[in-house]
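Undergrad: turn this into a model:
(chains A and B)
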Protein chains: 2
Amino acid sequence: MAIRHIVTFTFVEDATDEQKNAITTALKGLPELIPEIKAFTCGLDAGLSPGNAQYGLVADFENEADFRTYAKHPEHQKVIAENIKPILATRVAVQLSL
Amino acid sequence: MAIRHIVTFTFVEDATDEQKNAITTALKGLPELIPEIKAFTCGLDAGLSPGNAQYGLVADFENEADFRTYAKHPEHQKVIAENIKPILATRVAVQLSL
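TA: Below is the predicted model of the structure:
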């Protein structure tokens, strides 16, 4: 059962563009460090619709075990602790079984 | 600029499984009716993580114009009105430019 991991974020008011862009840089480094990631897209909202969240991420895994490896992986946890949490306001996640 | 449209939902307490599954049936009919959709995955959360939203959708489009055609398409609006809105509690969306 392949898993599609979907996450959206909103940020605190005083989050800087530099902090937001650093999230993308850090996240985009993960597929090289975590081979269980089969596909990975992330980035700031494109500003096409009012009321959207500010950030989105979609990551695909071959199975649940690989998703869990990613979820607790030290490199992933490091991005969460160093880049995301400091400016995070809200986080919504869903995992789809494909 | 390709667009990845990401949406998550939570449902009202008394939403039935039948109503939730009808969303998937209706949404999965859209790619045939709306050729601008290049890739489309949707479904109920797999229950792997506590605190997740209940539903997720990821749809890809070749460009912003195709995304907007989808967004206002009568068949898409019909699914929103008939299947989603009656049981919708919260909706979060993001569009990524790929």
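
Undergrad: next SSE downstream of the longest helix anywhere in chain A?
TA: Longest helix of chain A, by residue count under DSSP state H: helix A:17-28. Scanning forward in sequence from helix A:17-28 by DSSP states H and E, the next helix or strand is helix A:30-33.

Undergrad: in the helix or strand following that next one, what counts as buried?
TA: Beyond helix A:30-33 on the C-terminal side, the first helix or strand identified by DSSP H and E is strand A:37-44. Of the residues in strand A:37-44, those buried by neighbour count under the rule 16 or more other CB atoms under 10 Å in any protein chain shown are A:I37, A:F40, A:T41, A:C42, A:G43, A:L44. Every C-beta, even on glycine, is put in place using the N, C-alpha and C of the backbone.

Undergrad: close to chain B, is strand A:37-44?
TA: Yes. Counting by CB under 8 Å from any CB of the partner chain, chain B is contacted by strand A:37-44 at A:T41, A:C42, A:G43, A:L44.

Undergrad: quick check: neighbours of that strand in the sheet, parallel or antiparallel?
TA: Strand A:37-44 pairs in its sheet with strand A:55-61 (antiparallel), by DSSP bridges.

Undergrad: so the next helix or strand after the strand it pairs with, near chain B or not?
TA: Following strand A:55-61 in sequence order, the next helix or strand is helix A:64-72 (DSSP H and E). Yes. Using CB under 8 Å from any CB, helix A:64-72 reaches chain B at A:E64, A:F67, A:R68, A:A71.
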